[in-house]
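Got a predicted structure here, sequence first:
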Amino acid sequence: MSAVESLLSASQVPSQSFEIRPFDGGLGAEIIGLDLSRPLNPQDFARVHGAHLEHKVVAFRDQRITPEQHIAFSRRFGALQIHVLKQFLLAGHPEIFVISNIVENGKPIGLGDAGKFWHSDLSYKELPSLGAMLYAQQLPAEGGDTLFADQQYAYETLPEALRKAIEGRRAVHSYTARYADEVFEGIQRPTLTQAQLEEVKAVVHPVVRTHPETGRKGLFVNENFTTHILDIPEEESRQILAELFAHSARPEFVYRHRWQPNDLLFWDNRSVIHLATGCPNHLPRRMHRTTIQGDAPF
């Protein structure tokens, strides 16, 4: 089928009736009534895309999709990125990264402590993530919430002195910065091979980035991957980052997502950071994540 035929075919797909309901607090929304196992025509996709840009975190409720459908929907937003921890990629579907505390035959089936510090996915890459889609496969009976913090709001409410201190500054991001720090008891990360280390060399990004689609400015540093600000003394860098990290996760910027069965959550890594709250190790949790490539921050 040619590109023109594909476009005509997509435009002939019937519209679905669905509702976009913003959450209280100004960050996030849920989408009710949309079935992502069915094709999405351009008009419905445009509504979803607009909701993602406006609300920054969108929860598609009650989805029953295959890995192929998860991947295909994600690809409508851009190319997909393959995680460096390839031992945790879904068999037959390397675009899906498994996040789980489940151990089978003595080996973890996924990364058990993903999101243990506030972060924006893959900020340690030259082309960080546009967004990620996390699909609930198995939820624990307690715990497992995910927190999101609005970094555009955080930037807009910075004290004037701090805003001036970071104007035009750039910072270094490294995947290994806190890689081995233990936060969730009993979970230790696998040792990175030399080949894996070559995939995650440190990169430099602006401390404040401009969203390429909305034009809004937001903080683009995080406690997980940002190591230091360039061209200022080490102690000054440490102090400024500490202030930024504290400010960026103030309660008024945060939405807590309490997972429901079959949720597919899609967040904008260009405008929010997120944090996993963890759950008891004996309660199984399994999530599937796709990661959409973005562009170079500016």
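Great, that's in hand.

Okay, now the unreliable bits of the protein?
Along the chain, the parts satisfying pLDDT under 70 run over 1-10.

Sort out which residues of stretch 106-116 are buried, please.
Pro108, Ile109, Gly110, Leu111, Gly112, Asp113, Ala114, Gly115, Lys116 (16 or more other Cβ atoms under 10 Å). Where you see a C-beta, it was placed from the backbone N, CA and C, and this is true even at glycine.

any idea which of these is closest to Ile32?
When the buried residues of stretch 106-116 are compared for distance to Ile32, the smallest value, 25.7 Å, is given by Gly115; criterion: Cβ to Cβ.

mind listing what that closest one touches?
The neighbours of Gly115, taking Cβ atoms under 8 Å, 6 or more residues apart in numbering as the test, are Ile99, Thr146, His274, Leu275, Ala276.

Just the ones in helices from those residues, please.
If you go by DSSP state H, those have nothing in helices.

And the furthest pair within those?
Ile99 and Leu275 (13.5 Å).

residue boundaries of the helices in the chain?
When assigned using DSSP H, the helices of the chain occupy the ranges 3-11, 42-55, 67-75, 151-156, 160-166, 194-199, 234-248.

Go through those and pick out the most buried.
Burial among the helices of the chain, expressed as mean neighbours by mean count of other Cβ atoms under 10 Å, is greatest for helix 151-156, which shows a mean of 21.

which secondary structure elements does it contact?
Packed against helix 151-156, as judged by 3 or more Cβ pairs under 8 Å, 6 or more residues apart in numbering; DSSP states H and E, are the following elements: strand 217-219, helix 234-248.

How far does it sit from its chain's centre?
Per Cα atoms, centre = their mean, to the nearest Å, the displacement of helix 151-156 from the mean C-alpha position of its chain is 17 Å.

Distance check, Ser174 against Ala29.
The span separating Ser174 from Ala29 equals 33 Å under the rule Cβ to Cβ, to the nearest Å.

likewise Asp231?
Relative to Ala29, Asp231 is positioned 39 Å away (criterion: Cβ to Cβ).

Gln63 too?
The span separating Gln63 from Ala29 equals 15 Å under the rule Cβ to Cβ.

so who does Lys86 touch?
Shown in contact with Lys86 (Cβ under 8 Å, 6+ apart): Pro94.

Let me fix that, I meant to ask about Thr227.
Thr227 makes contact with Ala171, Val172, His173, Ser174, Ala177, Ala202, according to Cβ under 8 Å, 6+ apart.
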